[in-house]
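In: Structure for this input, please:
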Amino acid sequence: EPVRGLPAVSQIAGADRLGPGWTWAGGPSACALSTDGEIWCWGDGSPAPTRLEHASMDTIAAGGAHVCGIDSAGDVSCWTSQGSATLQPTGLPSAAESVTVGDAHACALLTNGQIACWGDNYSGQLAGDGAGGLGAVVVAGLASATAVDAGWRRTCAIQAGDVWCWGQLGDGGVVRVPTR
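Out: Reported below is the predicted structural model:
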């Protein structure tokens, strides 16, 4: 049965990525981008999708307890399940081409081929030392990336056909620099 209460939709995000911290109507959620650029999110058992207040977006990504979007100027904005503007990146060196959201961090593939990440860095998922924060960290060594994907406590990217990953890579260890 289709989700009721949605306008015409051009993209869906997060149906398989939103974590237990996302409590939209008390359950797992997904978000959709309407053809008018509005973001709508819902959870299991919620009576209807809820529209987030924001400027018009061209694309969205969702994960953890956040949804992020990119507007027509390439600016990134992010919201929590309650619709508050958090995880807002500062200092992106160029416009974003795509965005991906992990558990408590996000990364953008920039139009200049760089990758910038922000948010929590408890497992090195920002590709560096430190606690993280909202200041964008440009990932060293990846200047011509073509894709990026953020996961629970890791991030991976494609550059020149090779996959590079950093953070907690599944064996319990932490890698704080991109590793092929």
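
In: Which helix or strand contains residue 116?
Out: Using DSSP states H and E, the element containing residue 116 is strand 115-120.

In: Name every strand pairing with that strand and say which way it goes.
Out: Applying DSSP bridges, strand 115-120 is found paired with strand 105-110 (antiparallel), strand 132-138 (antiparallel).

In: how far does that strand sit from the chain's center?
Out: 9 Å (CA atoms, centre = their mean, to the nearest Å).

In: And for stretch 62-75?
Out: 6 Å.

In: Show the end-to-end separation of it, please.
Out: Stretch 62-75 has its terminal residues 16 Å apart, counting by CA to CA, to the nearest Å.

In: Next: stretch 150-170.
Out: Using CA to CA, the distance between the terminal residues of stretch 150-170 is 14 Å.

In: mind listing what's buried in it?
Out: 150-157, 159, 164-169 (16 or more other CB atoms under 10 Å). C-beta: built from backbone N, CA, C; applies to glycine.

In: residue contacts, the residue with the shortest distance to the centre of the chain?
Out: Taking CA atoms, centre = their mean, the centroid of the chain lies closest to residue 101, which sits 2.1 Å from it. For residue 101, the contact set (CB atoms under 8 Å, 6 or more residues apart in numbering) comprises 14, 17, 61-64, 66-68, 78, 150.

In: Confidence-wise, which of the residues you listed comes last?
Out: Least confident entry in the contacts of residue 101, by pLDDT: residue 17, with 52.

In: Can you give me the pLDDT of the residue nearest to the centre of the chain?
Out: 90.

In: The closest residue to it other than its chain neighbours: what secondary structure?
Out: Distances taken as CB to CB, 6 or more residues apart in numbering put residue 63 closest to residue 101, at 3.6 Å, once the chain neighbours are dropped. Classification of residue 63 using DSSP: H, G, I helix; E, B strand; the rest coil returns strand.

In: wait, isn't residue 63 in contact with residue 14?
Out: Yes - checked against CB atoms under 8 Å, the pair residue 63 and residue 14 is within contact range at 6.2 Å.

In: Of those two, which one has the most company?
Out: For residue 63 and residue 14, the more surrounded residue by other CB atoms under 10 Å is residue 63, and the numbers stand at 25 against 22.

In: does that one have beta-bridge partners, and which?
Out: The residues that residue 63 bridges to, once DSSP bridges is applied, are residue 66.

In: Can you tell me how far it is from residue 100?
Out: Here residue 63 is placed at a distance of 7 Å from residue 100 (CB to CB, to the nearest Å).

In: what touches both of those two?
Out: Joint contacts of residue 63 and residue 100 (CB under 8 Å, 6+ apart) are 106, 150.

In: Might you list the low-confidence residue ranges for this protein?
Out: 1, 15-29, 44-47, 81-86, 172-174, 176-177, 180 (pLDDT under 70).

In: all helices for it, in order.
Out: Under the criterion DSSP state H, the chain carries no helices.

In: This completes my enquiry, with thanks.
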